[in-house]
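Participant: have a look at this prediction, sequence included:
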Amino acid sequence: MSSAVSSDEVLRQRYFLKLHNVYYQVAPTFLRTVFCEMWKTTQGSEWEEDKSNGTKLSAFKSLQVLFQHGKIQKKNVESGDCRLWNLSLLIDIIIALKSEHPKMALPSFDLSAFTKNHLEWLKSTRNKIVHASTTEMDQQKISTTLEWKYIQA
């Protein structure tokens, strides 16, 4: 006996999948590009996917607090392979670079508009999606998940 799937259920699954795609594909790809630009601007060289750059980055003082609680994050950063970095780690790294270089300007991206509040909001909503108990989200759940409290602060 097959059960019919309502259009409401399909819509809830689509909401979830669209957000999931943003947090697993679109945002990390974009933020890796931003990180590489930040690295080039602050370090004067392209980011190379190697252990020497990873070790150099992991030595940043602003990342030390993160590493006290996450040995895996430290290992991933030290590897130098930014494709191993999930969205939360990328956000933490970008916040760290911004805090060490607050007046940094990037040639192809206005970093001043991308505040810590925006990044924290992105990280918070990503965590809600990752830890969701279901792959469906109705309009109310989407509204709750996408709270704008960080950006409005």
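Facilitator: Happy to help now that I have it. A quick note: this is a predicted structure, and the numbers were derived from the prediction, not measured.
Participant: what residues of the helix or strand encompassing P28 count as buried?
Facilitator: P28 is part of helix 27-43, with elements assigned from DSSP states H and E. Applying a neighbour-count criterion of 16 or more other C-beta atoms under 10 Å, one finds 27-28, 31-32, 34-35, 37-39 buried in helix 27-43. Where you see a C-beta, it was placed from the backbone N, CA and C, and this is true even at glycine.
Participant: what does stretch 48-59 give?
Facilitator: Those would be 53-54, 57-58, for stretch 48-59 by 16+ other C-beta under 10 Å.
Participant: please name the residues that touch the most centrally placed residue in the chain.
Facilitator: Centroid-nearest residue in the chain, with C-alpha atoms, centre = their mean: L87, separated by 2.8 Å. For L87, the contacting residues are 23-24, 27-28, 31, 122-123, 126, by C-beta atoms under 8 Å, 6 or more residues apart in numbering.
Participant: tell me the secondary structure for the closest residue to E100 other than its chain neighbours?
Facilitator: Leaving aside its chain neighbours, E100 sits nearest to S62 (5.7 Å; criterion: C-beta to C-beta, 6 or more residues apart in numbering). Classification of S62 using DSSP: H, G, I helix; E, B strand; the rest coil returns helix.
Participant: S62 contacts H101, correct?
Facilitator: No - using C-beta atoms under 8 Å, S62 is not in contact with H101, being 10.2 Å away.
Participant: and the next helix or strand past the helix holding P28?
Facilitator: helix 51-58.
Participant: quick one: contacts of that following helix?
Facilitator: 39, 43, 47, 63, 67, 74, 77-81, 93.
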